[in-house]
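In: Structure, please.
(4 chains)
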Number of protein chains: 2
Amino acid sequence: MTSGRVTIADVARRAGVSTAAVSKVVRGAYGVSAEMQAKVSQAIDELGYRPHAAARAMRGRTYTLGVMLSDTRNPFFPDIIEGVTGHLRDTEYQVLLGPGGIEPKTQARMTDAMIDRSMDGLILISPVTTDAELAAIAAGTPVVVIGRHGGAPAYDSVVDDDVMGARLVVDHLVGLGHTRIAHITHLERARAQGLPHTVRAEGYRQAMRAHGLADDMVATSFTEEGGYEGARELLARENRPTAIFAGADIAALGVLRAADEAGLSVPEDLSVAGYDNIGIASLKRISLTSVDQDGQVIGATAARLLVERIEGRTRSVTSSVSPTLIVRGSTGPL
Amino acid sequence: MTSGRVTIADVARRAGVSTAAVSKVVRGAYGVSAEMQAKVSQAIDELGYRPHAAARAMRGRTYTLGVMLSDTRNPFFPDIIEGVTGHLRDTEYQVLLGPGGIEPKTQARMTDAMIDRSMDGLILISPVTTDAELAAIAAGTPVVVIGRHGGAPAYDSVVDDDVMGARLVVDHLVGLGHTRIAHITHLERARAQGLPHTVRAEGYRQAMRAHGLADDMVATSFTEEGGYEGARELLARENRPTAIFAGADIAALGVLRAADEAGLSVPEDLSVAGYDNIGIASLKRISLTSVDQDGQVIGATAARLLVERIEGRTRSVTSSVSPTLIVRGSTGPL
DNA sequence: GTGAAAGCGCTAACAG
DNA sequence: CTGTTAGCGCTTTCAC
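Out: You can find the predicted model right below:
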């Protein structure tokens, strides 16, 4: 092993060509003869040359795409990530994930860090930020936003049709005879709009109104604990709901805990539904009725749109994925 | 907004100093007067200057640490990540996660990608690779390996005492009167040694022998499906085990599903224990007895060791974290 | 204590 | 089709 790293100059010397030629071969750029291609490729293999990403970043691309995760703990993310990496598997792009946390400040720090590192494009999952900030980011770097409704010209969007998802749940519960159907949503401190929970809550409200029913919402957080607290509050009411629709499965798990503790049988005494159809929802012991949004398709779509943008598309695209209702044992007739 | 990005030269011009001076102030390097410091800082704020990571990478550090994730779906990871990011919160370092997948090949591709991107250090979580490859990586970049026993001089290690964890489970089950205690482990295709599942299996075997009992293992995978399949196989035996110890909670969830489907009550007909104490293990409906390894501490420790290495330590360190047994409702007397 | 200047490895014109 | 050359933004000697 030589002292330093193998550079393009080493390869050029070995192959007896110029550094520019090596650069072209590496990038598969136009204008190289087959002979040159062969010589250089051989030298690359012999020397074990690997392009230095930072040096590339100074002039061209980094072939790095960043995915900003808003909450590492959300079991829905692995599906999206799998969709993204799966779509990019046979390309030159590498995917790096940035744990942004749930605070606007930490998320902003993360996106800044990704931009500082010259990433070629960014996928932001449910970013908690203002439209203005988002537009500012997208002005300098190709961006695809996942899970935020009401797209903007500056970036592409991939969303689940959350209004439809919420309606599917309400229709299902009403069909079972329920009328006192409560909803647990996520309390947002930031002034961000069009986030999934907001739209789900709005869809819930619309669907209830369409059935001539009064809505009943409580805002905690999309965590197991948040669902638990929300359910405790709802179940303590004198005329308690007979069904609870949690805006996320993770919160629905908390609802189930609260029901267990209150000695209520599910679904006999209380029907429970969630959203996201996370893996454990299908466990027999959980058997949670949930809305499935196919994270893999969402992730793959986001990756596709991002690459298109990087490669030149400027017209904004919004892709909407239709959810489906998965009925399981946690919901039943009144 | 000017056409290009704000560079160190812009700041220097504004502050009326040299670029070298600005560089020193930005890095907090030795040898700058308070006056200089103030002038430059002000110019940085006014211009909104941000250091260009790629340019820095050409000469010095990138202030980027990479965490290679071997399986995004493992619910145990968020704890580790939280520990890592928490420890690094008030430092200049940024953490980027690399989804390496479960294949040796994809993991290698990921670590290569991280090295190409000049990351200052790498944390590898349960990497599936040979000791030789690991040593080669660590020769060029500071590395901390999580969850792999039998450390090496080239890198630091943070491990859970898996032998102890397995013993805790076996002792607990034997104390409840069980003698036919089976273990579900992960089938490794690669020739990697010292991975957690291997050590847990070995710990299980040792503990069983210490009690004068015969071991009974089945190797599938640490997934919900793997646990399900393993349990199906075990429960189909004529003299079926009365207790199943799964090497990971995620697999234990599959065991519970198999038990439910077979019409077996837990823990009356079958005791089930897992490992990792993932969040949902505490849900009343799951109530899984499990071994807790405090991922936050593991993550924070790994981050601390990595920074120490980056800053010059060369002596290898291995940090072992003691697990604890969390007894819940899934295990009971025979 | 401060500044001038030489690169780090690569890409993008532009000549040949 | 191939080679020469000029930087990208930053850090780092080394003079002053």
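
In: For residue A:141, grab the count of nearby residues.
Out: For residue A:141, the neighbour count with other Cβ atoms under 10 Å in any protein chain shown is 18. No exception for glycine: its C-beta is placed from N, CA and C like everyone else's.

In: Apart from its neighbours in sequence, what residue is nearest residue A:234?
Out: Closest residue to residue A:234 apart from its sequence neighbours, by Cβ to Cβ, 6 or more residues apart in numbering or on different chains: residue A:182 at 4.9 Å.

In: just residue A:211 next, same as before
Out: Here the residue nearest residue A:211, using Cβ to Cβ, 6+ apart, is residue A:174, at 5.1 Å.

In: How about the contacts made by that neighbour?
Out: Counting by Cβ atoms under 8 Å, 6 or more residues apart in numbering or on different chains, residue A:174 touches A:181, A:211, A:213.

In: which SSE is it in?
Out: Residue A:174 is part of helix A:162-175, with elements assigned from DSSP states H and E.

In: buried set for that helix?
Out: A:162, A:163, A:164, A:165, A:166, A:167, A:168, A:169, A:170, A:172, A:173, A:174 (16 or more other Cβ atoms under 10 Å in any protein chain shown).

In: now stretch A:306-321
Out: A:306, A:307, A:308, A:309, A:310, A:317, A:319.

In: mind putting the residues you listed in CSV, pLDDT included?
Out: Shown next, in CSV, are these (pLDDT from 0 to 100):
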residue, pLDDT
A:306, 96
A:307, 94
A:308, 93
A:309, 92
A:310, 90
A:317, 96
A:319, 96
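
In: Can you tell me which of the residues you listed is closest to residue A:292?
Out: Closest approach between the buried residues of stretch A:306-321 and residue A:292, by Cβ to Cβ: residue A:319, at 17.0 Å.

In: is it true that that closest one touches residue A:301?
Out: Yes: counting by Cβ atoms under 8 Å, residue A:319 does reach residue A:301; the two are 5.1 Å apart.

In: quick one: common contacting residues for the two?
Out: Taking Cβ under 8 Å, 6+ apart as the contact rule, residue A:319 and residue A:301 both touch residue A:158.

In: what residues are up against residue A:274?
Out: Taking Cβ under 8 Å, 6+ apart, we find residue A:274 in contact with A:245-246, A:248-253, A:281, A:288-291.

In: For whatever helix or strand residue A:138 lives in, name the packing helices and strands.
Out: Using DSSP H and E, residue A:138 sits in helix A:131-140. Secondary-structure packing of helix A:131-140 (3 or more Cβ pairs under 8 Å, 6 or more residues apart in numbering or on different chains; DSSP states H and E): helix A:104-116, strand A:143-146.

In: Would you map the strands across chain A?
Out: A:64-69, A:94-99, A:121-125, A:143-146, A:156-160, A:181-186, A:217-220, A:243-246, A:271-273, A:290-292, A:318-321, A:324-326 (DSSP state E).

In: Point me to the residue of the stretch 101-250 of chain A nearest DNA strand D.
Out: Evaluated by Cβ to the nearest atom of the strand, the stretch 101-250 of chain A has residue A:116 as its residue closest to DNA strand D, separated by 8.9 Å.

In: my read: that residue touches residue B:55, true?
Out: No: using Cβ under 8 Å, residue A:116 is not in contact with residue B:55; the gap is 10.1 Å.

In: Between the two, which has more neighbouring residues?
Out: residue A:116 (19 against 16).
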